[in-house]
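In: Take this sequence and fold it.
(4 chains)
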Number of protein chains: 4
Amino acid sequence: MCRWLAYSGSPIRLEELLLKRDHSLIDQSLHSRMGATTTNGDGFGVGWYDEEETPHVYRSVSPAWNNRNLKELASAIKSPLFFAHIRASTGSAIQETNTHPFRYGKWLWMHNGLIRDFSTVHRTLANRIDDSYFNSIEGTTDSETMFYLALTFGLQDDPVAAVERMIGFVEETGHKHDIELPFQGTIATTDGTSIWAFRYSSEGDSRSLWFSTAMDQLKHLYPALHQLDNLSDETRVIVSEPLGDLPGVWNEAPESHYGIVQPGADKLGPFTPQYS
Amino acid sequence: MCRWLAYSGSPIRLEELLLKRDHSLIDQSLHSRMGATTTNGDGFGVGWYDEEETPHVYRSVSPAWNNRNLKELASAIKSPLFFAHIRASTGSAIQETNTHPFRYGKWLWMHNGLIRDFSTVHRTLANRIDDSYFNSIEGTTDSETMFYLALTFGLQDDPVAAVERMIGFVEETGHKHDIELPFQGTIATTDGTSIWAFRYSSEGDSRSLWFSTAMDQLKHLYPALHQLDNLSDETRVIVSEPLGDLPGVWNEAPESHYGIVQPGADKLGPFTPQYS
Amino acid sequence: MCRWLAYSGSPIRLEELLLKRDHSLIDQSLHSRMGATTTNGDGFGVGWYDEEETPHVYRSVSPAWNNRNLKELASAIKSPLFFAHIRASTGSAIQETNTHPFRYGKWLWMHNGLIRDFSTVHRTLANRIDDSYFNSIEGTTDSETMFYLALTFGLQDDPVAAVERMIGFVEETGHKHDIELPFQGTIATTDGTSIWAFRYSSEGDSRSLWFSTAMDQLKHLYPALHQLDNLSDETRVIVSEPLGDLPGVWNEAPESHYGIVQPGADKLGPFTPQYS
Amino acid sequence: MCRWLAYSGSPIRLEELLLKRDHSLIDQSLHSRMGATTTNGDGFGVGWYDEEETPHVYRSVSPAWNNRNLKELASAIKSPLFFAHIRASTGSAIQETNTHPFRYGKWLWMHNGLIRDFSTVHRTLANRIDDSYFNSIEGTTDSETMFYLALTFGLQDDPVAAVERMIGFVEETGHKHDIELPFQGTIATTDGTSIWAFRYSSEGDSRSLWFSTAMDQLKHLYPALHQLDNLSDETRVIVSEPLGDLPGVWNEAPESHYGIVQPGADKLGPFTPQYS
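Out: Here you go, the predicted model:
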């Protein structure tokens, strides 16, 4: 089981969320509290935006907790929007191309969960990916397959509809192969401006997804927390598992919902897979 | 451009051919003499057989020349049949799953060369691979795609016919996409008993392939070379580029030919791709 | 906190103890039960003997649990005497030269524990190492420093006396720097014939050390356990933490003791650091 | 033989010098033209400054030419002063802690060359390093030993004098051990404001060192070279080997000289080792 984090708001150094806080993502990689797998030592990745449209991606197969280069980068790089992911492999090879976040053009994608009996449905799912994306596939994970399926279903035009079709297709395909509960997990994707996060599972008992409270409320709640002073009201963090345990900071996304963090008002909506 | 070596005969420690000789494979990785690419620093792999049917495979993405673990293993492991390969990537990711030799069941496969415009034909070629092999594909190289195509075309029953059909299919597919000269290279494959080696290119000007002279002749030629004393008459080495320059040791395979090193008399025959 | 295992007896494939058993060493690397640190993901190493006097060493900085090369090697290599170690760094860099077992000539050395406030005493300890060993030091760990100190104090002639002098010197040096409890841990060392294992800490509350029961008794105790059939009566395993929980198999070494597994009768004796 | 580059001037993305130009540093890592070793595949490092005083350092043991993370970083990081180094090991282990540039506080250090018979003099040199630096030493190279010796001799107060004393001490120590020509190489060091570069060898035939022509002259020389437009007049590059072969751009430092690139007028002076 993986762990991930998505940040959008005032530019901050990555280390603020990856390394410094109590229950930071790196700390979670050693001892996760809610995870299905105790240790997330099978690699990590970060993707971030700067003034260019295409995000940068740094991925490594070594455990995050002792990786010096990650510490150096996290202290050097400032970004208004970034993804970070720590991996616990569910079987596929430990290699950079199997490490999240995945990138296509200006889009990033990361995932926590799995397609059940993936080896049974892998080829059928892969065959549905549009030719234009085929040579961009570099790894063998279910997560990357989902990304290119979502792109095939129109991720760049309507992300919610595309993910609904993608998960619908995964469920349909699974059911054809007698897989009862084909999909489980949370997904985050971004175009560098907005972030879409999804919580869904075929069994209706999905892995956790949390949104941080609106920044103006947080500042009101914790006037003495001066580290918030420089953060804009639109600053928001989405996580698979809360960072720290300050009351009032984290709000769990409801089962089978998606959320959009975007310029202007954010949005929460029900998520329903679409069948073809 | 890669370099490879296949050994069959009296059990020897891998280091005898990988490390110790003048122009050993590791030495070639730093400065190849005939290669299209000067440096082969994009990983290496060895595959070897012992009393079990399934071969062992050790692969690494670090350059071979300074890899301490490789030196330890090469001095520890003795085998009557092994493959070794050093890689110069022609573009695909530097990761263990893109490193030769590839293994399926008791079979090993390695390759030096390329499918031209592979990104154009990759999906068509991949689609032809039989479902039963799909989940065994872990990387993104042309070399691995060829292996699973050859398996699809019956490698385990008739290796020469299967490789002729595989290369025929590669050429047909390439021609359909206006690729004039789709295939170039040498291939070695083994089931742990025999070794099949192929030299072919669409342009009729293939990368080099050399077989060592029969051991009884070599002993006669070099009676003072006592390192040959313990080698059986059937001992044979096949290489992409000669190890050392002792006259009479290495014999170049003719253009568009295959050779079989096997118990009993070895065999050399003309190679002709088969079209469907 | 690290984990280690030492084997001596009938030649077996390394995988028998590293991978196959319940609570194997690799399984422990993900979830140790008695360890001070939950996860041992900072590299691993194995050292083994064959017909040559000098042992082979394979070390890697990647976590043991998902390392494919380790699985290949462990299934390929058979040895009558081997060491295996999984590391949880207490601070020094994650690099092969900081990974156990350490080797000098025909000797291997591994350790679980620490020299407290090592940075304070490191230089004084290092200065005591004999010139003849200086260029063999490649890493920066307390464990390697102890090894070369023990060599300086005569490890090759009288291992127990040398380790008693080494730990005495570590304690003396620590006390001079107001370090109350300088030493904690277990150590194993071997010359390829005998294994010496030590359990000691300045506080008299040392990390655990276990010896397997004599093989003839084990066979009597578990007549149906046919995996023991091919093991000689002298076969013995020493571990930092039991592999499996079969009653009667594992015997804890008493506090402040050493044990010797050797041809003929094994030995257990009290351990007392020697001051200069 | 290594290759290195130091940049000071208008903030630029690292990729401008590491990746983009003809004969960029990465290109040199595959095929150096003047180097003693053809291939520099034993790791690389970059060190750079931003608004903080302490520089960041990113180091890797994989070959630079195919390292994707390096490409991502080089395109993401902008800096007014950075060092880059590609390594060809002269024997010591391939590990990050042996990779340049080395860092202490706000200082960076890198080197191309060697201390001859280093294993003979290593301990004597190491013993001269001040206690306050001992625990900062993490690797085993001659280059890092020189850095801490130079710090011991006052690098932070008077860099030229400290390096003259350091090399004097290396020569004295070598001569005591009958090493005729103890030192060979070029060195660059910086505090984040100025860069000091040294060219010296005991034999008076040192590895090359080049300074770029003053930017105002370059702009005058090449008015059509618009990539120079955004570079301040103080922008300067120092390299072990020229990047590209545009006439008038590169000026070789004379034998036994040092140069200082600093705010205000740069400086060139004769270099003479100081004996104690």
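In: For chain A, which residues are neighbours of chain B?
Out: Contact residues (Cβ under 8 Å from any Cβ of the partner chain) of chain A with chain B: A:93, A:95-97, A:119, A:122-123, A:127, A:131, A:134-135, A:137-138, A:140. For the C-beta atoms, the positions are set from N, CA and C on the backbone; glycine is no exception.
In: In three-state terms, label residue A:94 for me.
Out: coil (DSSP: H, G, I helix; E, B strand; the rest coil).
In: follow-up on the earlier one: inside helices: which ones of the residues of chain A next to chain B?
Out: A:119, A:122, A:123, A:127, A:131, A:134 (DSSP state H).
In: ok, of those residues, which come out buried?
Out: Neighbour counting by 16 or more other Cβ atoms under 10 Å in any protein chain shown classes A:122, A:123, A:134 among these as buried.
In: Tell me the residue of the stretch 101-250 of chain A that sits nearest chain D?
Out: Nearest residue of the stretch 101-250 of chain A to chain D, counting by Cβ to the nearest Cβ: residue A:103, 9.9 Å away.
In: now that residue: how far from residue D:72?
Out: 10 Å (Cβ to Cβ, to the nearest Å).
In: and if you look at residue A:18?
Out: 16 Å.
In: Mind checking which of those two has more residues around it?
Out: Taking neighbours as other Cβ atoms under 10 Å in any protein chain shown, residue A:18 and residue D:72 compare with residue A:18 leading, 27 against 21.
In: was I right about that one contacting residue A:84?
Out: Yes. Between residue A:18 and residue A:84 a contact is recorded at 5.7 Å, counting by Cβ atoms under 8 Å.
In: re earlier: who touches the residue of the stretch 101-250 of chain A closest to chain D in this structure?
Out: A:47, A:54, A:55, A:57, A:109 (Cβ atoms under 8 Å, 6 or more residues apart in numbering or on different chains).
In: next helix or strand past the helix or strand hosting it?
Out: In the assignment (DSSP states H and E), residue A:103 maps to strand A:102-104. Using DSSP H and E, the helix or strand that follows strand A:102-104 towards the C-terminus is strand A:107-115.
In: Look up how far residue C:138 lies from the closest residue to residue A:112 other than its chain neighbours.
Out: Leaving aside its sequence neighbours, residue A:112 sits nearest to residue A:2 (Cβ to Cβ, 6 or more residues apart in numbering or on different chains; 4.3 Å). Distance, residue A:2 to residue C:138, by Cβ to Cβ: 35 Å.
In: what about the two, which has more around it?
Out: residue A:2 (29 against 17).
In: isn't residue A:111 right next to residue A:145, touching?
Out: No. Assessed by Cβ under 8 Å, residue A:111 is found out of contact with residue A:145, at 10.1 Å.
In: Neighbour count for the two, which is higher?
Out: residue A:111 (26 against 22).
In: what's near enough to touch the more buried one?
Out: A:2, A:4, A:100, A:142, A:143, A:146, A:147, A:185, A:186, A:187, A:188.
In: So the residue nearest to it when sequence neighbours are not counted versus residue C:267, what's the distance?
Out: Spatially, and ignoring its direct neighbours in sequence, residue A:111 is nearest to residue A:143 (4.0 Å; Cβ to Cβ, 6+ apart). Per Cβ to Cβ, residue A:143 is found 55 Å from residue C:267.
In: higher neighbour count, those two?
Out: Legend: neighbour count by other Cβ under 10 Å for residue A:143 and residue C:267, higher for residue A:143 (27 against 13).
In: secondary structure class for the more buried one?
Out: helix.
In: quick one: it and residue A:110 touch, right?
Out: Yes. The criterion here is Cβ under 8 Å, and residue A:143 meets it with residue A:110 at 7.3 Å.
In: one step back: state the distance from the residue nearest to residue A:112 to residue A:172.
Out: 25 Å.
In: Got the confidence number for the residue lying closest to residue A:76 once chain neighbours are set aside?
Out: Leaving out its chain neighbours, the residue that sits closest to residue A:76 by Cβ to Cβ, 6+ apart is residue D:56, at 4.4 Å. Note on residue D:56: pLDDT of 97.
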